[in-house]
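Peer 1: requesting a structural model of the entry that follows:
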Amino acid sequence: MAQDEGRFGRITDIRSCWAPKGIRPIVPRHGARTFVSVYAAVSMAPGKMTSLIMPYASTAMMNPLLDEVPTDFKEYFVIMLVQEAGWHKSRGLKIHKNIRPIPQPSQIPELNPVGHLWEELGKKYLPDKAYTSHRGVEMALGKGLRNLHADPNKISSMTGFGFSFVNLS
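Peer 2: Okay, here's the model as predicted:
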């Protein structure tokens with residue numbers, strides 16, 4: 001499995017878009033800079049995942065994901081690729097006996113397959129929208145995550161690419 005957390009929020013990221021000649025597209029924008037975090041653990045080949053929307057990223061917020069994974073993958077011993085964030089190495093992290101976290105080399109975070117889920121959520125469920133509260137962001141993320149959970153083939157195609165680690169030291 002691979003695990004990552006993505007940060008989504010009320011800051012508007014304006015993207016280019018098509019409009020007929022002579023028409024200037026209008027996209028809402030605001031300067032709120034508040035965020036929520038989405039935690040996900042993905043088993044790439046079968047396209048199965050566990051995800052949670054949490055208020056922020058920390059050890060306390062990662063522990064519920066680590067409590068959920070053994071329930072969702074109870075028939076497996078889980079080897080979980082994790083990045084080297086402080087909360088991934090914290091002594092307060094509750095690692096269940098059927099999970100073994102393996103740190104991903106810090107020089108190549110873009111190789112974490114879960115990052116492709118964040119691109120999907122950002123492009124399809126949160127683009128060019130100005131939310132007045134976290135509730136709107138959470139609702140859009142929830143819809144996107146439910147759609148991903150329901151489509152294992154899509155998850156597998158987005159995250160199931162092959163790669164190997166090279167010793168960069």
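
Peer 1: from here on, just use CA atoms for contacts and neighbour counts.
Peer 2: Noted.

Peer 1: this structure: helices as residue ranges?
Peer 2: 59-72, 115-125, 134-149, 152-159 (DSSP state H).

Peer 1: quick one: closest of these to Arg24.
Peer 2: helix 115-125 (21.1 Å; CA to CA).

Peer 1: give me the helices and strands touching the closest one, please.
Peer 2: Secondary-structure packing of helix 115-125 (3 or more CA pairs under 8 Å, 6 or more residues apart in numbering; DSSP states H and E): strand 2-9, helix 134-149, helix 152-159.

Peer 1: ok, and for the last one, which residues are buried?
Peer 2: Within helix 152-159, the residues that count as buried by 16 or more other CA atoms under 10 Å are Pro152, Asn153, Lys154, Ile155, Ser156, Met158, Thr159.

Peer 1: wait, which of the residues you listed is closest to Gln104?
Peer 2: The closest of the buried residues of helix 152-159, once distances to Gln104 are taken by CA to CA, is Thr159, at 15.5 Å.

Peer 1: next up, the contacts around that closest one.
Peer 2: By CA atoms under 8 Å, 6 or more residues apart in numbering, the residues touching Thr159 are Met44, Gly47, Pro113, Val114, His116, Leu117.

Peer 1: hey, which of the helices of the chain is tucked in deepest?
Peer 2: Stretch with highest mean neighbour count among the helices of the chain: helix 152-159 (a mean of 18; mean count of other CA atoms under 10 Å).

Peer 1: okay if I get the helices and strands packed on helix 115-125 as JSON lines plus mean pLDDT and distance to Tyr39?
Peer 2: Formatted as JSON lines, the helices and strands packed on helix 115-125 follow (pLDDT from 0 to 100; distance: least, CA to CA, whole Å):
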{"stretch": "strand 2-9", "mean pLDDT": "87", "distance to Tyr39": "4"}
{"stretch": "helix 134-149", "mean pLDDT": "91", "distance to Tyr39": "11"}
{"stretch": "helix 152-159", "mean pLDDT": "91", "distance to Tyr39": "15"}
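
Peer 1: closest one to Pro20 among those?
Peer 2: Among these, the nearest to Pro20 by CA to CA is helix 134-149 (28.3 Å).

Peer 1: which residues are in contact with that closest one?
Peer 2: 8-10, 34-36, 48-49, 51, 53, 121, 124-126, 131, 154-155.
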